[in-house]
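>>> next one to model:
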Amino acid sequence: QVRLVESGGGSVQPGGSLRLSCAASGGIFTLTTMGWYRQAPGKERELVASITRGEYTKYADSVKGRFTISGDNVKNTVYVEMNGLKPEDTAVYYCYCNTESPSFRYWGQGTQVTVSS
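All right, here's what the predicted structure looks like:
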């Protein structure tokens with residue numbers, strides 16, 4: 001069983017920055033991908049950014065150039081640096097990881113990000 005612990009959410013003004021962290025623990029596992037989804041009220045959950053163990057990154061078009069994802073394979077931790085935040089970035093952000101052998105996806109509990117003046 002893998003446990004994901006997120007931190008770093010909060011409230012900022014438009015144009016501000018936040019850094020989210022997510023650490024995986026709890027067993028013997030190999031992570032293949034870690035990343036973040038977000039879900040705003042009344043909307044479907046959407047992928048924000050992901051990073052593979054080989055450091056291949058993927059971003060939603062809406063955050064390209066503003067968000068940067070990075071990972072630490074030793075600490076099994078993923079970070080997302082969010083700059084130039086906009087009100088439309090307001091959502092609950094969920095960390096996830098994919099494991100191999102067995103293949104499974106785990107989710108964090110979610111952290112609120114609010115961008116408002």
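
>>> contact partners for A40?
With contact taken as Cβ atoms under 8 Å, 6 or more residues apart in numbering, A40 is in contact with 88, 90-92. Bear in mind the C-beta positions are built from the backbone N, C-alpha and C, glycine included.

>>> what do you get if the cut-off is 7 Å, keeping everything else the same?
90-91 (Cβ atoms under 7 Å, 6 or more residues apart in numbering).

>>> ok, the residue nearest the centre of the chain to S101 distance?
Taking Cα atoms, centre = their mean, the centroid of the chain lies closest to W36, which sits 2.6 Å from it. Distance of W36 to S101, given as Cβ to Cβ, to the nearest Å: 24 Å.

>>> okay, buried residues for stretch 33-45 please.
33-38 (16 or more other Cβ atoms under 10 Å).

>>> ok so, going back, does the nearest residue to the residue nearest to the centre of the chain once chain neighbours are set aside lie in a helix or a strand, and which?
Computed as Cβ to Cβ, 6 or more residues apart in numbering, the closest residue to W36 that is not its neighbour in sequence is V48, at 4.4 Å. Assigned by DSSP states H and E, V48 belongs to strand 46-52.
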